[in-house]
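S.K.: Structure for the following, please:
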Amino acid sequence: MDGNAAADQSGLAVASASDCTVELPEKRKRESETQPNTEADAAPPARHPLWKTSLCSYFRSNGGVCRHGDSCRFAHNEEELRMRPDNTWDPTSERAKKMAKTELNEAKEEEEGVMMTEALEERDNSSGCLSKCFVNLPMKWTSDHLRNFLNEKGVHFVSAKKKKGMIAGFVTFETVEQAKSATEELNGISIGNSKTLKVADVLPRSFEKNNKHLSNQTTENPLPDSNHASLKEGTDGDEAEVNDISMAGNCSTLKGRSARAVVTPLADMSYPDQLEHKKNSLAQILKKLTRNARKACPNGVVLPEWIQKSRERGGLPCNFEGIIESPIVFGYRNKCEFSVGHSLDGKCTVGFLLGNFREGVTAVEKPVNCPNVSQISCKYAKLFQEFLQNSCLPVWNRLNNTGFWRQLTVREGRKPLSNIVDAEPIISEVMLIVQVCTVGFEDAQVKDEIERLAKELYMGSTAETPPLPLSQLVIQDHTGISNVAPSDAHLKYKFISREGNSELSLADDSVEPRIHDHLSNLRFSISPTAFFQVNTLAAEKLYSLAGDWVGLGPETLLFDICCGTGTIGVTLAHRVGMVVGIEMNASAVSDAQRNAEINGIKNCRFVCGKAEDVIGTLMKEYNVSLPENPVNGSVKCSDEAVDGAPDSEDRSILNASEKNDKCLENEAHSSQHFKNIVAIVDPPRAGLHPTVIKVLRTQSQLKQLVYISCNPESLVANAIELCTPSPPIENDTGNDKKKNRMRGWKNMTSASLARHRAKSMPSSEPFTPVKAMAVDLFPHTPHCELVMLLQR
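M.R.: I've put the predicted structure just below:
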C-alpha cells in the first residue's frame, strides 16, 4: 500500500470517528462536564461528615499500622479523635468511658444518698433540708479543713463535721436559704485532685421521718387521742407506710437495699450461671497478663513463646481450664464477722454494713436471706442483737470512735464427713469472739456486763431446738479505728465450756481458746485470730489441685510460702519428702507447728521470718542433704509437745525454726539430694512483695511455682514480674534507671506498677505460665480462688 492510500484510509477513519457519537452514562457525563479545565480551579475533595469521629479498629489490632495511611477517615489515637455531630464521643474511646463512669457514679449517688446513721445522733431537731452531705472531699481532710473551705467560699453554716479517712462530710445550716445558696454555689465545683464536689441531702432514718411527720400533722391538724395513738403505734409497722404515702417514695431506695444484695450480689443467679459469669470475668483479667507482659518486655529481647502464641488462645497467657464448683453452696462459711450498729430504722442491729464506710455508709442490716451464712451464725447474731438492745453499754459509733460493742465473729468447727457423699457438714464446735473497746469504761461495769452476756448466750443456745453448740466465748479488746484488729490483740476475757458441764465459765489467762476443724481427714487447731479457709470442703479441692499440678513425690522439697497456719503444707506432707513453711507471723507459725504435731506429721518444718530473708539459706541447706526417711519421723525434737495439749504462749511461739535447726544438727543423716524443688505461694489479697518476687526469680533450683490467689488482679501483677524476661545487662545503665523512674505511681494500676518493676528485674530465667484454673470458694459472690502453674 503506497503513502497516499494510507493517508486516505487514515482520513476516513478520523471522519468516521467524528461522525460517531458515544452515549455516556448520566453519572459519567456529569462528572466530565463539571471537571475543571485547570488545576488552579480544582476544589479540595469534601471530607466525610464523620471524619475522625471513630477510632480505627484496624490500626489498634495491627500494632499501630493502618493500610489506608493518612487517607483513613478513622482516628488513630485519642488526640486525633473528634466529637461527633450529635455532640457525643466514640463509645470505645477512653474519654467516653470516663464520662460514662462519672455519670454512673453521680446517678448512683443521687439515687442512694448517704446512709450515715451515726451522724444524725448528735443533731438536735435538725431537719433534712438544713443538713447537707458533702461527698468527694479529700480523705486527708478533717473538720477544720472543711470549716476553712466553707469560710473561704463565704458560706454561712452552723456546724461542719468531717472525719479523716472518709470522703463525706456533714454541714448544718441555720436557714433553708443558707442551705439552698450553699448547694447552688458549691455543687459540681472541682475540689482536690480534680474531683467534683457533690452536695447531697442527708437521708434521715425512717423512724425520724415518721416522728417529724406526726409532729407536723399534730400541730396543723390535731387528731383525737385514739386516732393519734393508733397512728403512733403503727410507725414501726405497715400502718405507717399506708398512712404516710408521701414519705414512701423517699425511703424506697433505702428500703430496697438489703444485706443480701450487698454481701451476695450473685445470689439471684442460678449456680451454673454464677460459674459462667466468674469464668468470663477471670478470662478477661488473665488477658491483662499477656498485654502488660508484652509491653514490659525490654527492647532488643525476643518475646517469650507464650506471648507469641497467646493469639491462638484468644489473648490468654496460658490454657484456662475453667472453674471447679464448690461442693456446698449454701451456708458454707465457717467464719462470719457481723458488724454492730444502727439500722435504717434506728434500731441496734447485728449484721452487715450496707456499703463502704468511706463513702458515708454506716447503716447495718440483719443477715437475712444471705445464702453464704449458716443458720447457726444467724441465730447467734440474733441472740447477740437481743442482748444489745437491753445493754447498759453503748454500741460503737464509727464517726466519733466512741462506744463499747463493736463486732461479733462466729467461728465454726466441723466434724469429718467420713466419705459421706453430698452430706452437709456437722458443726460440733462454735467459738464466739466479741470485739469491744473498754476505753472510758470502769472494769467492774465491763466485767458484770460481759458475765451477763456469757450467761444469756448460753441460755439462748440451749433454748434453741436442737441446742446450738457453744464451746468458747472470747472478748477481744480493740481500740483501733477499724474493726480489723491485729492478730496479737488483747483477749480480755475467755469463757470455756468445761467437760461434763456445758455452761461457760471464766478461764484464766493461761488457757488458749481453740476450736478444731477437719480438712482432708486431718484435724486442725484454730485460734481466735488464725486464718483458715472459710469454705472447708472447697479448700480440699483447692489444695489437691495445687499438689496434682506440680507432680509431688518422695524426692520433692515443697516450700509453702506465706503458709499461715500450715494448712497447705500439712495436707500435702504425705505426698512429698519434706515441707518447709515460711511465715512472718509468730502466732501463725505456732499454730502450724501444733497442727503438724496433732496429726503426727514429722516431715514439716515451719520457719518464722520474711520469705526474702530465709529462702536463699533454706534452698542451700535442703539442696545439699536430706535426713534419711523424713516421712518415717527422723525429723523430730524431744522437747516438742506431742500430746496436743495447749502449751503456754511463750513456749508455743518459742522459735519453731530454732527447734528444727537443733534437730537437724543433732540427727545423723545421709546425703540425699532433692530432684524436684517446688513452691506454693498463697499470699494475702495484696500479693507478694516485690523483693520476694526477685528472690524467687533468682533461685535457679526452683523450677515449678504454684500461685494461689484470692485476688486475681494481684496474681496478674505478680505474674508480670515473674514471667517477663530480664533486661540486657549492657542496657542497665544509670541513664536507663533515670528513665525508668516512675512518676505518678499512685495513680497507676497494679499491672502498670508491675510492668515498671519488671524493667529492673535482676538477670534470671523467667517463668512461663502453663495453665490456670479457678476454684469457687465463695458461691453467690463475685470472688473465687485462682490457681496458676508457672514453670521454667
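
S.K.: Who are the contact partners of the residue nearest to the spatial centre of the chain?
M.R.: Nearest to the mean C-alpha position of the chain, counting by Cα atoms, centre = their mean, stands Asn711 at 6.3 Å. Asn711 makes contact with 685-687, according to Cβ atoms under 8 Å, 6 or more residues apart in numbering. Any C-beta I mention is one placed from the backbone N, CA and C, and that applies to glycine too.

S.K.: what separates Pro683 from Ile561, distance-wise?
M.R.: To Ile561, Pro683 is 8 Å away according to Cβ to Cβ, to the nearest Å.

S.K.: neighbour-wise, which of these two wins?
M.R.: Using other Cβ atoms under 10 Å, the more surrounded residue of Pro683 and Ile561 is Ile561, with 23 against 20.

S.K.: The more buried one contacts Val678, correct?
M.R.: No. Between Ile561 and Val678 there is no contact under Cβ atoms under 8 Å: 10.9 Å.

S.K.: From the contact counts, what lies against the longest helix anywhere in the chain?
M.R.: If you go by DSSP state H, the chain has its longest helix at helix 271-296. With contacts taken as 3 or more Cβ pairs under 8 Å, 6 or more residues apart in numbering; DSSP states H and E, helix 271-296 sits against helix 305-308, strand 319-324, helix 712-723, helix 750-758, strand 768-775.

S.K.: Now go through the contacts of Asn711 and say which are in helices.
M.R.: Checked against DSSP H, these include nothing in helices.

S.K.: Dump those into a markdown table; add distance to Cys370 as well.
M.R.: Below are those laid out as a markdown table (distance: Cβ to Cβ, whole Å):
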| residue | distance to Cys370 |
| --- | --- |
| Arg685 | 21 |
| Ala686 | 27 |
| Gly687 | 28 |
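
S.K.: got the end-to-end distance for stretch 748-766?
M.R.: In stretch 748-766, first residue to last residue: 24 Å (Cα to Cα, to the nearest Å).

S.K.: Quick check: buried residues in it?
M.R.: Going by neighbour count (16 or more other Cβ atoms under 10 Å), the buried part of stretch 748-766 is 750-759, 761, 764, 766.

S.K.: now do stretch 357-369
M.R.: 357, 359-367.

S.K.: and if you look at stretch 370-385?
M.R.: For stretch 370-385, by 16+ other Cβ under 10 Å, it's 370-374, 376-378, 380-385.

S.K.: Return the member of those residues nearest to Arg333.
M.R.: Asn372 (5.3 Å; Cβ to Cβ).

S.K.: do you know how far that closest one is from Val329?
M.R.: 9 Å.

S.K.: Can you pull the residues that touch both of the two?
M.R.: Applying Cβ under 8 Å, 6+ apart, one finds that Asn372 and Val329 are jointly contacted by 779-780.

S.K.: Please identify the buried residues of stretch 515-528?
M.R.: Neighbour-count burial for stretch 515-528 [16+ other Cβ under 10 Å]: 515-520, 522, 524-528.

S.K.: With pLDDT added, can I get these in a markdown table?
M.R.: Putting the buried residues of stretch 515-528 into a markdown table (pLDDT from 0 to 100) gives the following:
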| residue | pLDDT |
| --- | --- |
| Ile515 | 91 |
| His516 | 92 |
| Asp517 | 93 |
| His518 | 92 |
| Leu519 | 91 |
| Ser520 | 89 |
| Leu522 | 93 |
| Phe524 | 94 |
| Ser525 | 92 |
| Ile526 | 91 |
| Ser527 | 90 |
| Pro528 | 91 |
